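Student: sharing a sequence plus its predicted fold:
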Amino acid sequence: MEVPTMTATTVVIGAGPGLGMSIAHRFGREGHAIALISRNGDRHPGYLASLASAGIEATSHPADVRDRDALLGALDEITARHGAVDVVYYGPGAADPAARPAPITETDVPAAQEAMSWVYPAIDAVRAVLPGMLERGHGGLLFAGGLSSVVPLPMIGNLALSSAALRNYAITLHAALADQGVYAGTLTIGGLIERGDIHRMFLAESDRLGGAAVGTLNPDDLADAAWDLYKNRDRAEATFNAFAS
């Protein structure tokens, strides 16, 4: 099925300086209006200015995705402002980019529950927008998760559990929705995303980290892949591994 050519709205959940804004610009270039959701509303004026300078219509809806009422309220606000939601991208970053997970051998139930708290908002977002997409017969659900969902990375610890759950959710949605006009897919990402908060933290702390080399990824390339997934609808996943030798 072809992507509709009418004016569309893409919701970016997890709007940040790296991949979130690259997604916003990429879909905006295709004529989509953009609605930004992230917990740090102080950043939003700069994001809106960046999009406006590119001729992209955008609105700001600050909310912490783990606050269920705030997330659903933001989605309601977007629907009231823009009308139908055509695409949702879900890729919120860590609450504390400097926090380092304990190894998987030290992961306990509270740590697993904490990691899974990033998966539940994805389900809430889907449940909020999917009925409308199915009624209209078109739409897109895009997710961003970690490489630990498919490659054993013991040092990622509890985050490997939530990454695997989010990936499985995305590709299972892909299978369930394939013949209903709604696309679902995921970016599986291994590496530091340039311009993102974690990447900036690594650059700022490179001396303390002993100059360790960490593979990086250009968020614009990832955003291109997200658009290709949504447009072509021929696969459920695009994988990026900056750790590969």
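Tutor: Arrived safely, thanks for sending. Source: prediction; values computed, not measured.
Student: for stretch 37-46, list every residue counted as buried.
Tutor: 37-39, 43-44 (16 or more other C-beta atoms under 10 Å). For glycine as for every other residue, the C-beta is placed from the backbone atoms N, C-alpha and C.
Student: any chance of those in JSON lines, plus secondary structure?
Tutor: Shown next, in JSON lines, are the buried residues of stretch 37-46 (DSSP: H, G, I helix; E, B strand; the rest coil):
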{"residue": "37", "secondary structure": "strand"}
{"residue": "38", "secondary structure": "coil"}
{"residue": "39", "secondary structure": "coil"}
{"residue": "43", "secondary structure": "helix"}
{"residue": "44", "secondary structure": "helix"}
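Student: how about the helix ranked longest in the chain: buried residues?
Tutor: Longest helix of the chain, by residue count under DSSP state H: helix 158-177. Going by neighbour count (16+ other C-beta under 10 Å), the buried part of helix 158-177 is 158-167, 169-171, 173-174, 177.
Student: thinking again about what came up before, what's the closest of the buried residues of stretch 37-46 to residue 27?
Tutor: residue 37 (14.2 Å; C-beta to C-beta).
Student: residue contacts, residue 91?
Tutor: 12-14, 19-20, 23, 143-144, 187 (C-beta atoms under 8 Å, 6 or more residues apart in numbering).
Student: quick check: phi and psi on it?
Tutor: Dihedral pair for residue 91: phi -160, psi 50, per degrees, to the nearest 10.
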